[in-house]
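[1] Provide a 3D model corresponding to the input given below.
(chains A, B and C)
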Amino acid sequence: MSEPVRPIEKIPDHYFRLHHSEKAYENEAIQTKSVNFYQDSWRRLKKNKGAVASFVVLLLILFISIVSVWITPHDPNAQEVRYSFLPPKIPGVSINGFNGYAKQGDRWVDVYQQKQVPSGSYYYLGTDKFGRDLLSRLLFGTRISLLIAFFAAFLDLTIGVAYGLTSGWIGGKVDTVMQRILEIISGVPTLVVVVLMLLVFPPGIVSIVMAMVLVGWITMARVVRGQTLQLKNQEFVLAAKVLGQSPLKIALGEIFPNLSSVIIIQTMFTIPTAIFFEAFLSFIGLGMRAPSASLGTLINDGYQTFRFYPHLMWYPALVISLIMISFNIFADGLRDAFDPKMKG
Amino acid sequence: MTEKIVSVKNLQVSFDTFSGKVHAVRGVSFDLLRGETLAIVGESGSGKSVTCRSIIRLLSKNASIDEGTIFYEDEEMLLKTPKELRKIRGKEISIIFQDPMTSLNPTMQIGKQISRPMIHHLHLSKNEAKRRAIDLLDLVGIPNSEERYKNYPHQFSGGQRQRIVIAIALACNPRVLIADEPTTALDVTIQAQIIELMKEIQKKTGMSIIFITHDLGVVAKVADRVAVMYGGKIVEFGKTEEIYYLPQHPYTWGLLQSIPSLEETEEDLYAIPGSPPDLIHPPKGDAFYLRNPYALEVDLHFEPPLYQVSPTHYAATWLLDKRAPKIAVPASIQRRYDIYHQRHKEGYDE
Amino acid sequence: MAKWIKFIGKRIIYMLVTILLISSVTFFLMQKLPGSPYGNEEKITSAQKKVMNERYGLDKPVAEQYLLYMAGIARGDFGISLQFGDQPVGKIIAARIGPSVQLGIQAIILGTVVGIILGIISAMFQNTWIDTSTSLTAILGRSVPNFVFAVLLQLIFAIHLQWLPIGLWDQGFYSTVLPTIALSFAPMADAARFVRTEMIDVLHSDFIELARATGIGEWEIAARHGLRNAVIPLITILGPMVASLLVGSLVIEKIFAVPGIGEQFIKSILSNDYFTIMGLTILYSALLVAVILVVDILYVLIDPRIRLSEGDEE
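    Residues are numbered from 1 along each chain as shown, chains lettered A, B, ... in the order given. Coordinates of the predicted model:
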């Protein structure tokens, strides 16, 4: 049926001799470059444009909110009631709405002139009802919101991992009891717990964080326990057992490193949840107290005067949405990268 | 009866993956004859499944058929629109998969899963389809078919599920059945029953079967002809007897040596050393070179052509070239040669 | 059958323990509340004080108060509101629960239906622009806080276009449209994401491949085989979905001035309405626990796979 493609007569005769060596397999092993799990995940993550862009945005926001500790256009808490409700004014921009003009009735009016703001002073995003610079407050609020979120996520992680790892690794009766406790707590609506805690404890960052952590660690504990149960029966763990390593050492040395991907992913989902919850609490009036600002309180303040000065609400709303979107896209990207099964 | 029903020529299929383009099938040609059972044998990753799925174009989204032609009767399958393909799938050509535990929809009554293709292709009414489905359940040996029509997959054992999968495949009386490792996931005794069932049905309906497996041991019981695949190519094909008793390719030798059998207790069970070739960067020469204890230097540089052994038997190995050194074949293979020659001397011919 | 009774019985016990725990914790936390009836004497009329002292023994030791309160709950008596004269909390809740339930049910139906559709479309066109845009919609739903979204809806549809009332619950169905949409955003996003993942899994499963091999078209496969297998597991996240809906309902009711329990909850919190807060807390918890119970039972009933492991057929 098939005649050889090339004239086989041209192949030199000396090629026809046995040419096998046991070393061949070793060569083969070297040929295929091995890529470990994290490198592989990293490569997948880099291919996800949305995730990379989100990561950059997050880094930028983080950077700005740290730098703004030292550099802000104005003091975020300095009140100057004379200059309240100034519209945004950005140097060099002459578009109505960004040049110090605001619509009064049907006319655009230079509010800065009206309120006798000294020329040369700019409020890039305008001022609130106490004449505080919105941009400075926004930078300040973003920092507080992120701080609360990271703090809460860190505590969730610590408690959740410890609980989940203990429950899954020890197993048996301990696991059963710990699971029952978890089941009962998970029946409690987060809303109720957080509201009660905030009613009782003095308002502030610590109370908000504690209130959120009180129920927030449960998801992490569940995820970690599930993963631990899976890992527990794998060969490398059994091998460590056979070799006589102490259970604690195996849990920390063998299991824990293998949990890192689920922990990272879960944390990336916890942070935006915490940011949202803080904003929610501030919005219903249970969050940070004046003069402290968070994204939530800024939105709430803006909402009070929303009909007349919508920009006071939109800017903080925009920032919080941007942070949340970036975190969610980045977390999704991380999950897809760590769990390639999800991306067919 | 020796007319072709499926004809595959120079098929090349590749997959886009994160690590690169995988050349899974690299120029495969074969014919399936009317009423015959053709076994395609090879280890996982040899391209046997991909080859067969290409026939009904049931490939994942990242696959592309780069070259070749596939004819079913007089129709070029590669030129068909999705709509035309759907008219052939299940009606003319059916497929069954390896794992009966996952091949059935867990949330749908099995009867509905059997009758659905009949309603779709043969435009039967629901009741007619149900009656035929019950007949089919009888045919594949599910007892109490009438009551079990309403059961869900989890209420059946693995073997029974594979029978149900076969019933689905047979629902519209296909002319070709592609069985993709249909017995791999089953116990040995159940395997034998399923193979028996398939042979019985073939006798009744005269359909052609492509039987994909990695187990040459199973093949002897079912196949008329065998094609051995390695690294995306067919390396040897011939009648079943020729593959069993007159194998030419060192890879086929390896496969035969790894079949456990009662006669060969004195020898250890053989395992082909090494791992399958890297199909992202397919080797320039023979893909089996690295694992081949009988490799020649030429294998490193050139791919071997198919040499004709008999009018029905071909093998792609340089060992068949007249310039190749005479080598001593493994003892167990030599014994097979002896059996072959003895049979044919005594006039056992077919 | 015995397994069923055991299964449901166990669930109900958990439910009761959870509620008991929450009511107890609530009670003791309330004792610490700055501005509780004790620290807030001037707000309470002497008549109120008398009633409370009679009924709840507020002048008695904490332990005894606790027992009295729990006994009251068991009878369905949640105390009296300090904000509205001496109206019983039960009555206030009864008067306000209607709009909240309607809003919640409308939102969860709208959210899950739209979410399922988005999820399925997304999965069927996986890694195409259709998938990207539906996934992006879902991410927006998860990311943009619902109060921002609610205000945006108000601005566009009530203030600028004036198609729908800006709020208040006084124009029948029309006034429910905007709050329903605003509240449905989060469950929509959750459902879309969940169904997409499930559907992708299902579409890659062997039985879908087999259905394809029998010549059935993609849409029919999605509807007949995919939908059920992808949507049944959605029941499992119904609990968390309802929990987040409760959170959402607070702000949505506030923004749209819906006379529901969420709005009442905020008011009670801000005015330290001791018994109302406790009553609503217990109500919310009971609601969530009940939803979790129903979800568990539903799941066992609907999914034939689970019937095997739980039930004793065959």
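[2] Let's verify residue 258: helix, strand, or coil?
    No chain specified, so I'll use chain A. Three-state call for A:Asn258 (DSSP: H, G, I helix; E, B strand; the rest coil): helix.
[3] hm, I was asking about chain C
    Going by three-state DSSP: C:Val258 is coil.
[4] Now C:Gln65, what are its backbone angles?
    phi -60, psi -40 (degrees, to the nearest 10).
[5] Near it, how many other residues are there?
    Neighbour count for C:Gln65, taken as other C-beta atoms under 10 Å in any protein chain shown: 16. From N, CA and C alone the C-beta is placed, and that goes for glycine too.
[6] same thing with B:Val140?
    Residues near B:Val140, counting by other C-beta under 10 Å: 24.
[7] ok, it touching B:Arg161?
    No - in this structure B:Val140 lies outside contact range of B:Arg161 using C-beta atoms under 8 Å: 10.7 Å.
[8] By mean pLDDT, point me to the weakest helix or strand of chain B.
    Ranked by mean pLDDT, DSSP states H and E, the helix or strand of chain B with the weakest confidence is helix B:297-301, at a mean of 78.
[9] Next, the buried residues of that one.
    Within helix B:297-301, the residues that count as buried by 16 or more other C-beta atoms under 10 Å in any protein chain shown are B:Glu297, B:Val298, B:Asp299.
[10] Please go through the chain and pick out the longest helix.
    As the question left the chain open, I've gone with chain A. Criterion DSSP state H: the longest helix present in chain A is helix A:134-170.
[11] look at chain C instead
    For chain C, the helix with the greatest residue count under DSSP H is helix C:89-124.
[12] Just the pLDDT for the most centrally placed residue in chain C.
    Nearest to the geometric centre of chain C sits C:Val242, at 2.9 Å (C-alpha atoms, centre = their mean). Here, the pLDDT recorded for C:Val242 equals 84.
[13] quick one: contacts for residue 286?
    With no chain named, the answer covers chain A. A:Val195, A:Leu198, A:Leu199, A:Pro203, C:Ile269 (C-beta atoms under 8 Å, 6 or more residues apart in numbering or on different chains).
[14] could you do chain C instead?
    Contacts of C:Ala286 (C-beta under 8 Å, 6+ apart): C:Ile19.
[15] picking that back up, in helices only, show me the contacts of A:Leu286.
    Checking the contacts of A:Leu286 against DSSP H, those in helices are A:Val195, A:Leu198, A:Leu199, C:Ile269.
[16] circling back to that earlier point, ok, now how distant is the residue nearest to the centre of chain C from chain B?
    To chain B, C:Val242 is 24 Å away according to C-beta to the nearest C-beta, to the nearest Å.
[17] Contacts only, for that residue.
    Per C-beta under 8 Å, 6+ apart, neighbours of C:Val242: C:Gly104, C:Ile108, C:Leu287, C:Leu288, C:Val291.
[18] Which secondary structure element of chain A has the lowest mean pLDDT?
    Going by mean pLDDT, DSSP H and E, chain A bottoms out at helix A:24-31, a mean of 48.
[19] And the longest helix of chain C, what does it pack against?
    Secondary-structure packing of helix C:89-124 (3 or more C-beta pairs under 8 Å, 6 or more residues apart in numbering or on different chains; DSSP states H and E): helix C:129-143, helix C:174-203, helix C:227-231, helix C:238-255, helix C:261-270, helix C:274-302.
[20] redo that, cut-off 10 Å
    Where contact means 3 or more C-beta pairs under 10 Å, 6 or more residues apart in numbering or on different chains; DSSP states H and E, helix C:89-124 is packed against helix C:129-143, helix C:174-203, helix C:218-221, helix C:227-231, helix C:238-255, helix C:261-270, helix C:274-302.
[21] and the closest residue to A:Gly50 other than its chain neighbours, what pLDDT?
    Excluding the flanking residues, the one nearest A:Gly50 by C-beta to C-beta, 6 or more residues apart in numbering or on different chains is A:Ile329, at 4.9 Å. On pLDDT, A:Ile329 comes in at 89.
[22] With adjacent residues omitted, what lies nearest to the residue of chain C found nearest chain B?
    Taking C-beta to the nearest C-beta as the measure, chain C has C:Thr214 as its residue closest to chain B, at 3.3 Å. Among residues not flanking C:Thr214 along the chain, B:Gly90 sits closest, at 3.3 Å (C-beta to C-beta, 6+ apart).
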